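Asks: Coordinates for the following, if possible.
(chains A, B, C and D)
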There are 2 protein chains.
Amino acid sequence: MSSRAVTIRDVAERAQVSISTVSHTFSGSRPISAQTRERVLAAARELGYDANPSARSLRTGRSGLIGLFLRPRYAVAGTPDRAETFNRLVGSVATEMLRRKTGLIHVPDLHDPAVASVPMDGCLVAHPYGSDEVLAEVQRRGIPTVTVEEDPDRPELAWAVRLDYPRVVTGLLEHLREQGAREITLLSGTEDNAWNRRPRQTYLDWCARIGIRPRTGLLSEGLSGEETAARARELLTAADRPDAFVVCTCDSAAVFVKVAAELGIGVPGELLLAALTDSEHGRVANPRITAMDLNHEVLAEQAVELMFARLSRAAEPKEPVTVDPVLRLRESTARPPH
Amino acid sequence: MSSRAVTIRDVAERAQVSISTVSHTFSGSRPISAQTRERVLAAARELGYDANPSARSLRTGRSGLIGLFLRPRYAVAGTPDRAETFNRLVGSVATEMLRRKTGLIHVPDLHDPAVASVPMDGCLVAHPYGSDEVLAEVQRRGIPTVTVEEDPDRPELAWAVRLDYPRVVTGLLEHLREQGAREITLLSGTEDNAWNRRPRQTYLDWCARIGIRPRTGLLSEGLSGEETAARARELLTAADRPDAFVVCTCDSAAVFVKVAAELGIGVPGELLLAALTDSEHGRVANPRITAMDLNHEVLAEQAVELMFARLSRAAEPKEPVTVDPVLRLRESTARPPH
DNA sequence: GCCAATCATCAAAACGTTTCGATAGCCAGT
DNA sequence: ACTGGCTATCGAAACGTTTTGATGATTGGC
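Replies: Residues are numbered from 1 along each chain as shown, chains lettered A, B, ... in the order given. Presented below is the predicted three-dimensional model:
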């Protein structure tokens, strides 16, 4: 388009002043006479001057941009459930950042040397894994970081927002018991993050407390529908079939409902079903599925707030901010259905 | 954290070479002996060196980042319908960019001088208004731009992805007629963009073609539930109430259903209802609402592809890429309900 | 055993800002 | 008339890269 970008030098020349005067005019860091200011502003306007952001941040050491890393890599391709989680989280963070008039960067793979690195003043790492390597890397680089959910192996990092799983997962388990469930099986996802680890621990603690035998298993949150169905068939035809399942995603729960129907097992009549994250699947399945909504919007809002606090050199909090997930009770655990 | 960032100079010193040698080692732009390369890489590793992205882009003139502007400003705060549109679009663009290992920046207000400007090699402007000022501004700055949906006042900009409204909106209108509707009212949103203008034009053309009197109106897509309800009550109690409404959002359609029920008007029995964008509201309302899904995922994918083509200096296409919206037929227009 | 070509490296000049010490002009106080 | 203290401006030095012309050192052809 234009042959050459307009620089501060062009403005200075046209306004007949030095480049430092132009700089001061814009930044207000030194007094400039009204007359000179006018000339400079006019020149800038006429030339269509815009400061070069790279030059500015090279000099100042700040870019005004915050990076966002979303850790489950396969969220990107993902299942419908994944896509919804991704979209809600990314959307909420973006909304929050826009409200604060600060740019947000989705950072591509930091470990890929082919990828140009990115100028960020701070970064958010969402849903880190245990001993997360990206988290470690940004810390190594000295970038101020806030995590959305904690690295389960590094609970000491207090610049974090975390979900109150014990309260809500216990609430779900008690609800299942009230609805008549005696044998509850928990199927966790296989990604090693807080969302899988902590509800599982809460379940184990709860079982110990009320004196029942815990029944756990794994069910990868990335499985295809067919794979999940095969697994469901296996579990639902076992001799010691439980009377309630808590599974990781609504995608999986919906498959369980379908397989149960094929086997003539009524939900919620003979089997209760709940998921540890909510999604479209849970809201439109028949019956609709009880799920724990991870409250991404509030999580994002708090994380961004924490990020800004950190950047303005607030003291490190004593412990992470806690956000409540929301239990969405639906027909899949309602006996009789309402 | 670290007292001082590690620069190329530190690496050069430790490896006992000049800084240009270090640079060449990383960029591969000149041959470096195996022995020297080893020393340099070792020094970089030991020191934890990472190139400063601002310095690099100052020098090269490229940042490796693409900007994203989402034009409906109030999408950010917005209604549920808005939030879903925003999340799907932002999520899809982000996903697409991550796949291509390029950073994506959500750009805050370009016109706010308090906001640091942002280094971008190109930018996407989504859902521009008529004679969009942000679009004009980025073009003035000479930033290669691709639009998602066209600026309705500048159809000549061919670096764009647009929806095929005529085909799908006509399909919807014919469907309504097949279902028995004789008087169809179209209520457009009030934001001046392609999504509001083009379906309206398609409707007017269709009416003219089949020889019926067009009935149009406006209904702001940003209205609160109460405001929409008041408007709905007014329209549904009018003497010449039509037998079908096409409204802008599912949020609005859901309110229409509710008000109709209060007035004893059955949907779809006595009134058909459809929306020009799909959302959660449409999928869980009772009856579920027929809607046009704007296919944000494909739109985003195509737009990103076009952006990369443009950045690699491909020739300007003769006309915009066209994507089909998807008609989601549901109970609100099904007579009798299936 | 010399000339040309090739190879590996270096030094210096950008890139466009911000920052900061220096300076010229001016006025008030002695 | 000289000093001291403002005010408005300038000049130059960074910030950390990439790029490119120049320069020794090594090779190969004769």
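Asks: quick one: A:F86 is in a helix?
Replies: Yes - using DSSP: H, G, I helix; E, B strand; the rest coil, the assignment for A:F86 is a helix.
Asks: so where does A:R82 fall, helix or strand?
Replies: In this structure, A:R82 sits in helix A:80-99 according to DSSP states H and E.
Asks: And for A:A274?
Replies: With DSSP H and E as the criterion, A:A274 is inside strand A:272-275.
Asks: Pairing partners for that strand, with directions?
Replies: Sheet pairing of strand A:272-275 (DSSP bridges) gives strand A:244-247 (parallel), strand A:290-293 (parallel).
Asks: Of those, flag the one that's most buried.
Replies: Between the strands paired with strand A:272-275, strand A:244-247 has the highest mean count of neighbours, a mean of 28, where neighbours are mean count of other C-beta atoms under 10 Å in any protein chain shown. C-beta: built from backbone N, CA, C; applies to glycine.
Asks: what's that one in contact with?
Replies: The contact list for strand A:244-247 (C-beta atoms under 8 Å, 6 or more residues apart in numbering or on different chains) reads A:172-173, A:176, A:181, A:183-187, A:199, A:203, A:219, A:235, A:253, A:256, A:271-276, A:333.
Asks: can you pull out the strands in chain A?
Replies: For chain A, strands defined by DSSP state E occupy the ranges A:65-70, A:103-106, A:122-126, A:145-148, A:160-163, A:184-188, A:215-218, A:244-247, A:272-275, A:290-293, A:321-323, A:326-328.
Asks: Compile those into TSV and extend it with columns for mean pLDDT.
Replies: Output for the strands of chain A, formatted as TSV (pLDDT from 0 to 100):
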stretch	mean pLDDT
strand A:65-70	91
strand A:103-106	89
strand A:122-126	94
strand A:145-148	96
strand A:160-163	96
strand A:184-188	96
strand A:215-218	95
strand A:244-247	96
strand A:272-275	96
strand A:290-293	95
strand A:321-323	96
strand A:326-328	95
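Asks: Need the strands paired with strand A:272-275 in CSV (columns: distance to DNA strand D).
Replies: As requested, those are exported to CSV (distance: least, C-beta to the nearest atom of the strand, whole Å):
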stretch, distance to DNA strand D
strand A:244-247, 48
strand A:290-293, 44
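Asks: so where's chain A uncertain?
Replies: When residues are selected by pLDDT under 70, those of chain A lie in A:1-3, A:73-78, A:109-116, A:335-338.
Asks: So which bits of it are right by DNA strand D?
Replies: Within chain A, the positions lying close to DNA strand D (C-beta under 7 Å from any atom of the strand) are A:16-21, A:24, A:30-33, A:35-37, A:55, A:58-59.
Asks: let's see it at 10 Å
Replies: Applying C-beta under 10 Å from any atom of the strand, one finds that chain A approaches DNA strand D through A:8, A:12, A:15-25, A:29-37, A:39-40, A:54-61, A:116-117.
Asks: out of the residues you listed, which are buried?
Replies: Among the residues of chain A next to DNA strand D, those buried by neighbour count (16 or more other C-beta atoms under 10 Å in any protein chain shown) are A:8, A:12, A:15, A:17, A:21-25, A:32, A:36-37, A:39-40, A:54-58, A:116-117.
Asks: just to revisit the earlier point, distance to A:A94 for the strands paired with strand A:272-275 - can I get that in CSV?
Replies: Compiled in CSV, these are given as follows (distance: least, C-beta to C-beta, whole Å):
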stretch, distance to A:A94
strand A:244-247, 30
strand A:290-293, 20
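Asks: For B:E133, which of these is the nearest?
Replies: Closest to B:E133 of the strands paired with strand A:272-275, according to C-beta to C-beta: strand A:290-293, at 38.1 Å.
Asks: Now do the closest one: everything it contacts.
Replies: Residues contacting strand A:290-293 (C-beta under 8 Å, 6+ apart): A:168-169, A:172, A:175, A:250, A:253, A:272-279, A:282, A:325-334.
Asks: For A:R330, give its distance to A:I289.
Replies: In this view, A:R330 and A:I289 are 6 Å apart by C-beta to C-beta, to the nearest Å.
Asks: Repeat that for A:V93.
Replies: Distance, A:V93 to A:I289, using C-beta to C-beta: 26 Å.
Asks: And for A:R200?
Replies: From A:R200 to A:I289 the distance is 20 Å (C-beta to C-beta).
Asks: out of the two, which sits in the busier spot?
Replies: Neighbour tally, A:R200 and A:I289, criterion other C-beta atoms under 10 Å in any protein chain shown: the higher count belongs to A:I289, 30 against 21.
Asks: and the residue lying closest to the more buried one once chain neighbours are set aside, how many neighbours?
Replies: Distances taken as C-beta to C-beta, 6 or more residues apart in numbering or on different chains place A:G282 nearest to A:I289, at 3.9 Å, with adjacent residues excluded. The tally of other residues near A:G282 (other C-beta under 10 Å) stands at 27.
Asks: And for the one 4 residues further on?
Replies: Neighbours of A:N286 under the rule other C-beta under 10 Å: 12.
Asks: Tell me who's in contact with it.
Replies: A:N286 touches A:V257, counting by C-beta under 8 Å, 6+ apart.
Asks: Roughly how far does it sit from chain B?
Replies: From A:N286 over to chain B the distance is 12 Å, taken as C-beta to the nearest C-beta, to the nearest Å.
Asks: before we move on, what about A:K101?
Replies: 4 Å.
Asks: With that, I have no additional questions.
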